[in-house]
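> Sharing a model prediction with you, sequence too.
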Amino acid sequence: MRQLRLLVVVMAALAATACQNTKPPMQKLPDISFTSQRPFNLDVGQLEIVSEYVAPGRSPNIEHLMPVSPETAAQRWAQDRLRPMGKTGLARVVIRDARVVEVPLAIDKGITGSFKTEQESRYDASLDVAVQILDARQMVIGETVARANRSRTVAEGITLNQRDRVLYDISEGLAKDIDEQMTQLIRNYLGRWVIQ
């Protein structure tokens, strides 16, 4: 009887180990970074990053499930690209929107549907970022706003790693779109606060 119990314990341990080994290894995604770009040296005393967007934390929103949310990517953009180099005043980055919504798509559930792979979901993402310059009295004396949207569909049956990669690419794409717009907007509208 004791040998039978020992055999059951060993078999259970082997089964648990086998189940653990079937999971794909978690992929390591690179940090989203803008350190390769030349930063804007601003004639302000400090940089402040404020998020006005509050993620609902439930479906259909999925920001909380992403490896890097658009909000986090926008914060990183601000830290990498804006440098306070002055004595007074403030540069404030306001993240006004950073949503990602999952939209289920209609798929063929009939016999013909079993012979094809269809697009199962669409991710609609928005990022809205303002850069404000405030004087010593905390009055906004300069502002520019960039907005970006991305949409991506995914096929049924994708792995968790594939899904994470798609969501990562969405955040990275949004942040790059904001960076591209802001590079021009800051020069055009906040140029008097840029130290050459």
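Cool, got the structure.

> Which positions within the longest helix out of those in the chain qualify as buried?
Longest helix in the chain by number of residues (criterion: DSSP state H): helix 160-189. Of the residues in helix 160-189, 163-164, 166-168, 170-175, 177-179, 181-182, 185-186 count as buried by neighbour count, 16 or more other C-beta atoms under 10 Å. In short, each C-beta sits where N, CA and C put it, glycine included.

> do the same with stretch 26-44
Buried residues in stretch 26-44 (16+ other C-beta under 10 Å): 29, 32, 34, 40, 42-44.

> what's the distance between residue 120 and residue 105?
Residue 120 sits 6 Å away from residue 105 when distances are taken as C-beta to C-beta, to the nearest Å.

> What of residue 27?
To residue 105, residue 27 is 25 Å away according to C-beta to C-beta.

> before we move on, what about residue 74?
Distance of residue 74 to residue 105, given as C-beta to C-beta: 28 Å.

> between those two, who's got more neighbours?
The neighbour count for residue 74 versus residue 105, taken as other C-beta atoms under 10 Å, is higher for residue 74 (30 against 12).

> any idea which helix or strand carries that one?
Using DSSP states H and E, residue 74 falls within helix 70-81.

> likewise residue 101?
Taking DSSP H and E as the criterion, residue 101 maps to strand 100-104.

> what's the answer for residue 157, then?
Going by DSSP H and E, residue 157 is not part of any helix or strand.

> neighbours around it, how many?
The burial count for residue 157: 9, using other C-beta under 10 Å.

> Just after the helix or strand of the chain with the lowest mean pLDDT, pick out the following helix or strand.
Ranking every helix and strand in the chain by mean pLDDT, DSSP states H and E puts helix 2-21 at the bottom, with a mean of 51. Next along the chain after helix 2-21, taking DSSP H and E as the criterion, comes strand 40-42.
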